[in-house]
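Chemist: Fold the following, please.
(one chain, ligands or ions: 1)
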Amino acid sequence: MNNSILSTPFKLPCGVEIPNRIVKSAMSENMAASKGRPSEKLIHLYERWGRGGAGVLVSGNVMMDHKAVGEPHNVIIEDERYLKELKKWATKCQSNGSHLWMQINHPGRQAPRINKEVVSASDVRVKIGKMYAVPRPLEGEEIWQIIEGFGNTAAIAKKAGWKGVQIHGAHGYLVSQFLSPLSNLRTDHWGGSVENRARFAIEIYKNIRSKVGPNFPIGIKMNSADFQRGGFTEEESLQVIQMLSAEGIDLIEISGGTYERSAMMGTMKKQSTREREAYFIEFIEKARQITKTPLLLTGGFRTVEVMEEALRNDELDFVGMARPFAVDPNIANQFLSGEKSSIEINPIKTGVGLIDKLGAMEVKWYSAQMDRIGKGKEVKPDLSVWPVIFKMVMERG
Ligand SMILES: Cc1cc2nc3c(=O)[nH]c(=O)nc-3n(C[C@H](O)[C@H](O)[C@H](O)COP(=O)(O)O)c2cc1C
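Modeler: So this is what the prediction gives:
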């Protein structure tokens with residue numbers, strides 16, 4: 001271990017100490033067995049990642065309701081039927097000191113025709129071809145049931161030995177649908193002002209806290225903005241960060257974008273080297289001015305130099321990486337020890353306009369690498385995109 005600031009531990013407001021500053025951000029693994037059961041392949045992937053040195057490993061999005069899944073093979077945790085599997089997942093992953101957090105999600109309208117019915121804040125569909133149905137606006141009582149469901153799933157994660165949870169409030173899923181004035185047209189106390197649109201996220205946080213107690217880490221992943229005209233703005237995001245901070249949340253992860261505008265994958269990147277590497281760095285500097293809540297930034301980090309500079313300048317407390325972990329499960333150890341100082345991640349392109357624009361290949365190609373790790377194989381940097389597309393089309397039509 002060298003003396004990099006990346007290797008220093010950090011104590012969260014709830015009192016839990018994280019061993020270092022590197023976080024593996026959520027990547028949907030799509031590896032559940034039937035009915036959302038965590039599979040052996042998935043547990044094996046996390047066993048491998050658990051040896052890789054990250055301070056925190058955030059799981060791919062786990063669904064809190066079997067009626068609302070984002071992808072065909074998501075893990076679904078809505079009761080204790082998979083407690084045994086969750087315990088094994090946590091034990092195998094955490095045996096080298098990394099903390100495993102569960103990212104909890106409800107996709108709302110952003111689910112491509114795999115649910116019987118799609119619900120959201122309002123009846124505004126995702127505008128990408130004809131892939132997405134018009135959602136039914138949720139009734140007040142249903143909103144409270146979903147809030148309760150997030151809390152139940154978090155309590156199960158804690159019971160199974162997981163060391164934290166993260167609310168998925170980014171990338172255009174249900175929490176983010178409530179936050180954005182483009183997808184939330186409600187006129188009741190869940191819509192309109194930013195305070196009203198943030199109520200869903202805040203109530204989810206409060207429900208989880210009431211069930212896991214004061215000493216258990218709760219984070220949220222949020223958009224800096226959704227980068228659409230008339231959408232959730234940076235100013236609004238800063239206001240929501242202040243509201244969540246006032247409630248006592250432990251960690252806010254900053255990302256950005258939705259399926260309609262996939263900024264989280266680097267499509268909005270700017271010209272200066274630093275901003276090209278860390279997509280939302282300018283925003284996190286603003287967030288730092290208005291909150292004392294620990295901050296995690298994800299999207300684009302590739303060199304130790306840029307990570308260390310951001311930490312040393314006190315712009316953030318944790319650096320998040322996703323794709324680097326899919327092509328090198330040992331990347332955190334190598335950055336922490338000084339053995340490696342950067343990782344190259346190249347855009348994954350097919351040359352087919354629509355597929356490339358949606359960023360679908362970015363996700364599917366890295367999923368294929370995770371699948372290989374889960375099967376005990378080595379990653380394959382020269383993996384062709386075409387078999388991956390074929391599998392995607394067969395699964396999704
Ligand atoms: C295969 C794949 C799956 C992803 N799934 C999720 C997810 O389940 N939840 C989430 O918040 N972000 C998800 N993301 C986004 C990443 O967490 C991250 O924000 C994004 O990849 C940018 O970080 P990077 O440049 O380090 O890859 C996914 C990204 C990839 C490549």
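Chemist: what is Ile252 paired to in the beta sheet?
Modeler: Taking DSSP bridges as the rule, Ile252 bridges to Ile220, Leu295.
Chemist: Contact partners for it?
Modeler: 219-220, 222, 241, 244-245, 287, 291, 293-296 (Cβ atoms under 8 Å, 6 or more residues apart in numbering). Any C-beta I mention is one placed from the backbone N, CA and C, and that applies to glycine too.
Chemist: And it, what's its pLDDT?
Modeler: Here the pLDDT value assigned to Ile252 is 98.
Chemist: before we move on, what about Tyr259?
Modeler: 86.
Chemist: from memory it sits against Ile128, does it?
Modeler: Yes: contact criterion Cβ atoms under 8 Å: Tyr259 and Ile128 qualify, at 6.3 Å.
Chemist: More neighbours: which of those two?
Modeler: More neighbours surround Tyr259 than the other of Tyr259 and Ile128, with 21 against 15 (other Cβ atoms under 10 Å).
Chemist: Now do stretch 297-309, average pLDDT.
Modeler: pLDDT averaged over stretch 297-309 gives 96.
Chemist: One more: stretch 221-231?
Modeler: 94.
Chemist: Ends of it, what's the gap?
Modeler: 17 Å (Cα to Cα, to the nearest Å).
Chemist: and it, is it in reach of the ligand?
Modeler: Yes: Stretch 221-231 is in contact with the ligand by Cβ under 6 Å from any ligand atom, via Lys221.
Chemist: Quick check: buried residues in that stretch?
Modeler: Using 16 or more other Cβ atoms under 10 Å as the test for burial, stretch 221-231 gives 221-228, 231.
Chemist: what do you get for stretch 114-126?
Modeler: 115, 118-122, 124-126.
Chemist: correct me, but Ser237 touches Lys221?
Modeler: No: using Cβ under 8 Å, Ser237 makes no contact with Lys221, being 12.0 Å away.
Chemist: could you pull out the helices for the stretch 101-250 of the chain?
Modeler: 140-159, 174-179, 194-212, 234-247 (DSSP state H, counting those that start in this stretch).
Chemist: Now render the ones you listed as CSV, adding distance to the ligand and mean pLDDT.
Modeler: CSV is the format used below for the helices of the stretch 101-250 of the chain (distance: least, Cβ to the nearest ligand atom, whole Å; pLDDT from 0 to 100):
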stretch, distance to the ligand, mean pLDDT
helix 140-159, 15, 98
helix 174-179, 10, 98
helix 194-212, 14, 98
helix 234-247, 15, 98
